[in-house]
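what's the 3D shape of this:
(one chain, ligands or ions: 1)
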Amino acid sequence: MKPAHGCITMVDELGSIPEPPKEVIIRVKRYDPEKNRVWWQEYRVPTYRGMTVLDALLWIKEHLDPTLSMRYSCRMGVCGSCGMLINGVPRLACQTQLGAIATPENPVVTVEPLPNFPVVRDLITDFSSFFEKHKSIMPYIIRRNPKEVDEAPREFLMSPEEHEMIYQYTLCIMCGLCYAACPVAASDPEYLGPQALTQAYRFIVDVRDEGADKRIAVVDTEHGCHRCHFAASCSAVCPKDVDPAAAIQRLRRIVFLRRLGLWRKKRGSPVAGPLEKPLRQVKAEYPKHNILPGVDPEQQAREPVDIDFRDEWLKQ
Ligand code: FES
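Below you'll find the predicted structure:
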(Lines give C-alpha, C1' and ligand atoms only; values in the text may rest on other atoms or scores of the structure.)
Protein backbone atom coordinates (compact mmCIF):
# COMPACT_ATOMS: atom_id res chain seq x y z
CA MET A 1 0.00 0.00 0.00
CA LYS A 2 1.32 3.41 -0.85
CA PRO A 3 0.69 5.73 2.06
CA ALA A 4 -0.79 9.10 1.11
CA HIS A 5 2.03 11.62 1.24
CA GLY A 6 1.89 13.93 4.20
CA CYS A 7 0.43 11.22 6.45
CA ILE A 8 2.83 9.93 9.07
CA THR A 9 3.10 6.18 8.54
CA MET A 10 5.78 3.67 9.36
CA VAL A 11 7.40 1.71 6.57
CA ASP A 12 10.30 -0.75 7.16
CA GLU A 13 13.51 -0.92 5.12
CA LEU A 14 11.93 -3.27 2.58
CA GLY A 15 9.24 -0.68 1.91
CA SER A 16 6.47 -2.74 3.46
CA ILE A 17 4.21 -1.88 6.38
CA PRO A 18 5.50 -3.53 9.61
CA GLU A 19 3.48 -5.98 11.64
CA PRO A 20 1.09 -4.28 14.08
CA PRO A 21 1.34 -4.92 17.84
CA LYS A 22 -0.44 -8.15 18.90
CA GLU A 23 -3.28 -6.08 20.32
CA VAL A 24 -4.30 -2.47 19.67
CA ILE A 25 -6.64 -0.15 21.52
CA ILE A 26 -9.11 1.48 19.16
CA ARG A 27 -10.36 4.70 20.76
CA VAL A 28 -13.53 5.80 18.97
CA LYS A 29 -15.31 9.13 19.28
CA ARG A 30 -18.97 8.20 19.40
CA TYR A 31 -22.15 10.20 18.97
CA ASP A 32 -25.70 9.17 19.77
CA PRO A 33 -28.13 11.59 18.08
CA GLU A 34 -31.14 10.28 20.05
CA LYS A 35 -29.53 11.20 23.40
CA ASN A 36 -27.41 14.02 21.92
CA ARG A 37 -24.42 12.46 23.65
CA VAL A 38 -20.75 12.45 22.59
CA TRP A 39 -18.21 10.22 24.31
CA TRP A 40 -14.96 8.31 23.77
CA GLN A 41 -15.05 4.53 23.88
CA GLU A 42 -12.07 2.16 23.87
CA TYR A 43 -11.96 -1.36 22.46
CA ARG A 44 -9.13 -3.92 22.63
CA VAL A 45 -8.67 -5.62 19.26
CA PRO A 46 -6.38 -8.60 18.47
CA THR A 47 -4.54 -7.93 15.21
CA TYR A 48 -2.92 -9.71 12.28
CA ARG A 49 -0.43 -8.52 9.69
CA GLY A 50 -2.16 -6.34 7.09
CA MET A 51 -5.18 -5.61 9.32
CA THR A 52 -6.65 -2.22 8.48
CA VAL A 53 -8.51 0.25 10.68
CA LEU A 54 -11.72 -0.74 8.87
CA ASP A 55 -11.02 -4.44 9.62
CA ALA A 56 -10.57 -3.53 13.28
CA LEU A 57 -13.84 -1.55 13.38
CA LEU A 58 -15.71 -4.43 11.73
CA TRP A 59 -14.15 -6.85 14.24
CA ILE A 60 -15.42 -4.63 17.06
CA LYS A 61 -18.88 -4.52 15.49
CA GLU A 62 -18.98 -8.30 15.14
CA HIS A 63 -17.44 -9.32 18.48
CA LEU A 64 -17.79 -6.48 20.97
CA ASP A 65 -20.30 -3.79 20.09
CA PRO A 66 -22.89 -4.10 17.29
CA THR A 67 -24.04 -0.51 17.94
CA LEU A 68 -20.82 1.01 16.57
CA SER A 69 -21.70 2.71 13.27
CA MET A 70 -19.44 3.43 10.33
CA ARG A 71 -19.84 3.68 6.55
CA TYR A 72 -17.89 1.56 4.07
CA SER A 73 -18.48 -0.38 0.90
CA CYS A 74 -15.65 -1.54 -1.37
CA ARG A 75 -12.91 -2.12 1.27
CA MET A 76 -10.32 -1.38 -1.42
CA GLY A 77 -9.93 2.41 -1.62
CA VAL A 78 -12.29 2.87 -4.55
CA CYS A 79 -15.75 3.90 -3.31
CA GLY A 80 -14.51 6.66 -0.99
CA SER A 81 -17.06 5.97 1.75
CA CYS A 82 -14.81 5.02 4.70
CA GLY A 83 -13.10 8.39 5.29
CA MET A 84 -12.37 9.01 8.99
CA LEU A 85 -10.02 11.04 11.14
CA ILE A 86 -7.45 8.44 12.19
CA ASN A 87 -4.81 9.56 14.68
CA GLY A 88 -5.74 13.12 13.78
CA VAL A 89 -5.29 12.72 10.00
CA PRO A 90 -8.14 12.29 7.46
CA ARG A 91 -7.59 8.85 5.88
CA LEU A 92 -9.49 5.99 4.29
CA ALA A 93 -10.00 3.37 7.01
CA CYS A 94 -9.75 0.53 4.48
CA GLN A 95 -6.37 1.76 3.24
CA THR A 96 -4.81 2.45 6.62
CA GLN A 97 -3.02 -0.54 8.08
CA LEU A 98 -2.69 -0.72 11.85
CA GLY A 99 1.00 -1.60 11.43
CA ALA A 100 1.56 1.81 9.85
CA ILE A 101 0.18 3.81 12.74
CA ALA A 102 0.44 1.69 15.93
CA THR A 103 3.53 0.38 17.75
CA PRO A 104 3.98 -1.86 20.83
CA GLU A 105 4.99 1.32 22.73
CA ASN A 106 1.91 3.21 21.54
CA PRO A 107 -0.84 0.77 20.53
CA VAL A 108 -3.64 3.36 20.77
CA VAL A 109 -5.38 4.36 17.52
CA THR A 110 -7.90 7.18 17.73
CA VAL A 111 -10.78 7.20 15.25
CA GLU A 112 -13.14 10.16 14.84
CA PRO A 113 -15.68 11.25 12.23
CA LEU A 114 -14.35 13.49 9.45
CA PRO A 115 -14.20 17.15 10.51
CA ASN A 116 -16.04 19.84 8.47
CA PHE A 117 -19.02 17.49 7.98
CA PRO A 118 -22.12 17.23 10.20
CA VAL A 119 -22.04 13.96 12.16
CA VAL A 120 -25.01 11.62 11.69
CA ARG A 121 -23.97 8.92 14.20
CA ASP A 122 -20.58 7.70 15.52
CA LEU A 123 -18.25 7.73 12.48
CA ILE A 124 -20.92 8.45 9.86
CA THR A 125 -20.99 11.99 8.47
CA ASP A 126 -23.52 13.76 6.25
CA PHE A 127 -22.17 14.40 2.73
CA SER A 128 -25.30 16.14 1.36
CA SER A 129 -23.80 19.64 1.22
CA PHE A 130 -20.48 18.25 -0.14
CA PHE A 131 -22.33 16.50 -2.99
CA GLU A 132 -24.44 19.63 -3.64
CA LYS A 133 -21.23 21.64 -4.07
CA HIS A 134 -19.91 19.01 -6.46
CA LYS A 135 -23.19 19.20 -8.40
CA SER A 136 -23.08 23.00 -8.52
CA ILE A 137 -19.97 23.05 -10.74
CA MET A 138 -21.80 20.93 -13.36
CA PRO A 139 -19.48 17.90 -13.43
CA TYR A 140 -20.32 16.73 -16.95
CA ILE A 141 -19.52 17.69 -20.53
CA ILE A 142 -21.49 20.76 -21.63
CA ARG A 143 -21.81 21.71 -25.31
CA ARG A 144 -23.38 24.88 -26.69
CA ASN A 145 -25.63 22.62 -28.69
CA PRO A 146 -26.89 20.01 -26.14
CA LYS A 147 -27.88 17.69 -28.99
CA GLU A 148 -24.18 17.15 -29.62
CA VAL A 149 -24.09 15.29 -26.27
CA ASP A 150 -27.56 13.76 -26.24
CA GLU A 151 -27.47 12.53 -29.80
CA ALA A 152 -23.75 12.18 -30.42
CA PRO A 153 -23.27 9.30 -32.84
CA ARG A 154 -19.74 8.72 -31.55
CA GLU A 155 -17.27 10.01 -28.98
CA PHE A 156 -15.70 13.50 -28.95
CA LEU A 157 -12.12 13.57 -30.11
CA MET A 158 -9.32 13.92 -27.58
CA SER A 159 -5.61 13.30 -28.04
CA PRO A 160 -3.59 11.35 -25.44
CA GLU A 161 -1.82 14.62 -24.49
CA GLU A 162 -5.16 16.36 -23.97
CA HIS A 163 -6.34 13.45 -21.87
CA GLU A 164 -3.20 13.67 -19.76
CA MET A 165 -4.08 17.28 -18.88
CA ILE A 166 -7.15 16.11 -16.97
CA TYR A 167 -6.32 12.49 -16.09
CA GLN A 168 -4.98 13.14 -12.59
CA TYR A 169 -8.14 15.06 -11.67
CA THR A 170 -10.45 12.33 -12.94
CA LEU A 171 -9.09 9.99 -10.24
CA CYS A 172 -11.11 11.73 -7.52
CA ILE A 173 -13.27 9.24 -5.57
CA MET A 174 -15.18 11.96 -3.66
CA CYS A 175 -14.07 10.58 -0.29
CA GLY A 176 -14.12 14.10 1.23
CA LEU A 177 -10.67 13.77 2.88
CA CYS A 178 -9.50 16.97 1.16
CA TYR A 179 -12.57 18.83 2.40
CA ALA A 180 -12.04 17.48 5.94
CA ALA A 181 -8.41 18.68 5.93
CA CYS A 182 -9.19 22.14 4.52
CA PRO A 183 -8.80 25.02 7.03
CA VAL A 184 -10.96 27.30 4.86
CA ALA A 185 -13.85 24.80 4.80
CA ALA A 186 -13.54 24.69 8.61
CA SER A 187 -14.17 28.44 8.87
CA ASP A 188 -16.52 28.98 5.92
CA PRO A 189 -19.21 26.29 5.51
CA GLU A 190 -20.27 27.86 2.19
CA TYR A 191 -16.79 27.52 0.67
CA LEU A 192 -17.02 25.27 -2.39
CA GLY A 193 -14.02 23.31 -1.17
CA PRO A 194 -11.08 21.58 -2.83
CA GLN A 195 -13.04 18.71 -4.34
CA ALA A 196 -15.63 20.81 -6.20
CA LEU A 197 -13.06 23.40 -7.31
CA THR A 198 -10.75 20.68 -8.64
CA GLN A 199 -13.59 19.18 -10.64
CA ALA A 200 -14.50 22.63 -11.97
CA TYR A 201 -10.91 22.98 -13.23
CA ARG A 202 -10.97 19.43 -14.65
CA PHE A 203 -14.04 20.20 -16.79
CA ILE A 204 -12.97 23.74 -17.75
CA VAL A 205 -9.72 22.47 -19.30
CA ASP A 206 -11.34 19.41 -20.87
CA VAL A 207 -11.06 19.94 -24.65
CA ARG A 208 -14.48 18.35 -25.23
CA ASP A 209 -16.28 20.83 -23.00
CA GLU A 210 -17.81 24.21 -23.86
CA GLY A 211 -19.27 25.08 -20.44
CA ALA A 212 -16.33 27.07 -19.01
CA ASP A 213 -18.29 30.34 -18.70
CA LYS A 214 -21.04 28.67 -16.66
CA ARG A 215 -18.54 27.06 -14.31
CA ILE A 216 -16.41 30.18 -13.91
CA ALA A 217 -19.58 32.03 -12.86
CA VAL A 218 -19.87 29.49 -10.00
CA VAL A 219 -16.23 29.51 -8.86
CA ASP A 220 -15.41 33.23 -9.34
CA THR A 221 -17.44 34.17 -6.24
CA GLU A 222 -17.00 35.04 -2.59
CA HIS A 223 -17.07 31.38 -1.54
CA GLY A 224 -15.27 30.10 -4.62
CA CYS A 225 -11.64 29.70 -5.69
CA HIS A 226 -10.42 33.03 -4.24
CA ARG A 227 -11.05 31.80 -0.68
CA CYS A 228 -8.31 29.16 -0.95
CA HIS A 229 -5.31 30.02 1.30
CA PHE A 230 -3.11 27.43 -0.42
CA ALA A 231 -2.50 25.52 2.82
CA ALA A 232 -2.26 22.44 0.54
CA SER A 233 -3.47 20.11 3.30
CA CYS A 234 -6.02 18.84 0.74
CA SER A 235 -3.22 17.49 -1.46
CA ALA A 236 -1.34 16.07 1.53
CA VAL A 237 -4.23 13.76 2.50
CA CYS A 238 -5.62 12.85 -0.94
CA PRO A 239 -5.48 9.02 -1.22
CA LYS A 240 -5.40 9.22 -5.03
CA ASP A 241 -2.71 11.93 -5.46
CA VAL A 242 -5.22 14.18 -7.23
CA ASP A 243 -3.45 17.33 -5.91
CA PRO A 244 -6.44 19.68 -5.48
CA ALA A 245 -4.18 22.52 -4.27
CA ALA A 246 -2.45 22.68 -7.67
CA ALA A 247 -5.78 22.48 -9.53
CA ILE A 248 -7.19 25.41 -7.53
CA GLN A 249 -4.14 27.58 -8.28
CA ARG A 250 -4.48 26.74 -12.01
CA LEU A 251 -8.18 27.51 -11.82
CA ARG A 252 -7.46 30.90 -10.22
CA ARG A 253 -5.02 31.69 -13.01
CA ILE A 254 -7.73 31.01 -15.59
CA VAL A 255 -10.24 33.16 -13.67
CA PHE A 256 -7.79 36.11 -13.41
CA LEU A 257 -6.75 35.90 -17.07
CA ARG A 258 -10.38 35.75 -18.11
CA ARG A 259 -11.20 38.83 -16.05
CA LEU A 260 -8.41 40.61 -17.93
CA GLY A 261 -9.82 39.36 -21.21
CA LEU A 262 -6.73 37.21 -21.81
CA TRP A 263 -8.36 33.78 -21.60
CA ARG A 264 -11.01 32.40 -23.85
CA LYS A 265 -11.99 28.78 -24.16
CA LYS A 266 -11.54 27.33 -27.62
CA ARG A 267 -14.45 25.55 -29.25
CA GLY A 268 -14.94 22.03 -27.97
CA SER A 269 -13.37 19.21 -29.93
CA PRO A 270 -15.53 17.68 -32.68
CA VAL A 271 -17.30 14.35 -32.64
CA ALA A 272 -15.26 11.61 -34.24
CA GLY A 273 -16.33 10.94 -37.83
CA PRO A 274 -17.63 7.60 -39.07
CA LEU A 275 -15.11 4.81 -39.20
CA GLU A 276 -13.41 4.45 -42.56
CA LYS A 277 -12.82 0.77 -41.94
CA PRO A 278 -14.64 -1.52 -39.48
CA LEU A 279 -12.75 -2.03 -36.23
CA ARG A 280 -10.22 -4.82 -36.38
CA GLN A 281 -10.88 -7.56 -33.86
CA VAL A 282 -7.83 -8.47 -31.85
CA LYS A 283 -7.76 -11.79 -30.06
CA ALA A 284 -6.71 -11.12 -26.48
CA GLU A 285 -4.43 -13.62 -24.81
CA TYR A 286 -5.10 -14.80 -21.28
CA PRO A 287 -2.30 -13.64 -18.95
CA LYS A 288 -0.10 -16.67 -18.32
CA HIS A 289 1.92 -15.67 -15.28
CA ASN A 290 -0.82 -16.11 -12.66
CA ILE A 291 -2.50 -19.30 -13.87
CA LEU A 292 -2.35 -22.30 -11.55
CA PRO A 293 -0.80 -25.46 -13.04
CA GLY A 294 -3.39 -27.65 -14.76
CA VAL A 295 -5.98 -24.86 -15.13
CA ASP A 296 -7.31 -24.07 -18.61
CA PRO A 297 -8.83 -20.55 -18.49
CA GLU A 298 -10.61 -20.98 -21.86
CA GLN A 299 -12.30 -24.13 -20.58
CA GLN A 300 -13.24 -22.32 -17.34
CA ALA A 301 -14.73 -19.40 -19.30
CA ARG A 302 -17.01 -21.83 -21.17
CA GLU A 303 -18.19 -23.59 -18.02
CA PRO A 304 -21.15 -22.21 -16.03
CA VAL A 305 -20.21 -20.59 -12.74
CA ASP A 306 -21.12 -22.90 -9.89
CA ILE A 307 -21.68 -21.10 -6.59
CA ASP A 308 -21.76 -23.34 -3.58
CA PHE A 309 -24.35 -21.76 -1.26
CA ARG A 310 -24.17 -23.10 2.26
CA ASP A 311 -27.50 -24.01 3.88
CA GLU A 312 -26.95 -21.63 6.81
CA TRP A 313 -26.51 -18.69 4.37
CA LEU A 314 -29.81 -19.50 2.68
CA LYS A 315 -31.61 -19.64 6.03
CA GLN A 316 -30.51 -16.10 6.98
FE1 FES B 1 -14.43 1.98 -0.18
FE2 FES B 1 -12.80 2.41 1.90
S3 FES B 1 -14.54 1.12 1.82
S4 FES B 1 -12.81 3.40 -0.02
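
Could you check the pLDDT of the residue nearest to Trp59 when sequence neighbours are not counted?
Leaving aside its sequence neighbours, Trp59 sits nearest to Val45 (CB to CB, 6 or more residues apart in numbering; 5.6 Å). C-beta: built from backbone N, CA, C; applies to glycine. For Val45, the pLDDT comes out at 98.

same deal with Asp188?
The score at Asp188 is 97. That number is its pLDDT.

from memory it sits against His223, does it?
Yes - when contacts are counted by CB atoms under 8 Å, Asp188 is listed as touching His223 (6.3 Å).

so where is the chain shaky, pLDDT-wise?
Along the chain, segments meeting pLDDT under 70 span 1-15, 306-310, 312-316.

near the ligand, which residues of it show up?
Tyr72, Ser73, Cys74, Arg75, Gly77, Val78, Cys79, Gly80, Ser81, Cys82, Leu92, Cys94 (CB under 6 Å from any ligand atom).

Please identify which helix or strand holds the residue nearest to Glu42 when sequence neighbours are not counted.
Excluding its sequence neighbours, the residue lying closest to Glu42 (CB to CB, 6+ apart) is Arg27, at 5.0 Å. Here Arg27 is covered by strand 23-32, with elements defined by DSSP states H and E.

other SSEs contacting that strand?
Under the contact criterion of 3 or more CB pairs under 8 Å, 6 or more residues apart in numbering; DSSP states H and E, strand 23-32 touches strand 37-46, helix 53-63, strand 108-112, strand 119-121.

If you count neighbours, what's buried in it?
Of all the residues in strand 23-32, those buried under the rule 16 or more other CB atoms under 10 Å are Val24, Ile26, Val28, Lys29, Arg30, Tyr31.

With respect to Ser235, which of the residues you listed is nearest?
For the buried residues of strand 23-32, the residue nearest Ser235 by CB to CB is Lys29; the value is 25.7 Å.

ok so, going back, check which strands are paired with the strand holding Arg27 and give the direction for each one.
Applying DSSP bridges, strand 23-32 is found paired with strand 37-46 (antiparallel), strand 108-112 (parallel).

out of those, deepest packed?
strand 108-112 (a mean of 19; mean count of other CB atoms under 10 Å).

give me the number of residues near Pro146?
Neighbours of Pro146 under the rule other CB atoms under 10 Å: 9.

Use 261 as the first number from now on
I'll keep to 261 as the first residue from here, and by that count the last item is Pro406.

Now for the buried residues of strand 283-292: which two are most distant?
Using CB to CB, those span at most 22.1 Å, a distance reached by Val284 and Tyr291.

where exactly do the strands run in the stretch 411-560 of the chain?
Counting by DSSP state E, counting those that start in this stretch, one finds no strands in the stretch 411-560 of the chain.

what's Tyr451 in contact with, if anything?
Taking CB atoms under 8 Å, 6 or more residues apart in numbering as the criterion, Tyr451 is in contact with Cys442, Val444, Ala445, His483, Arg487.

Val515 now?
Counting by CB under 8 Å, 6+ apart, Val515 has contacts Ile476, Val479, Asp480, Cys485, His486.

what sits up against stretch 389-398?
By CB under 8 Å, 6+ apart, stretch 389-398 touches 377-378, 434, 436, 439, 449, 452-453, 455-457, 459-460, 463, 471, 474-475, 478-479.
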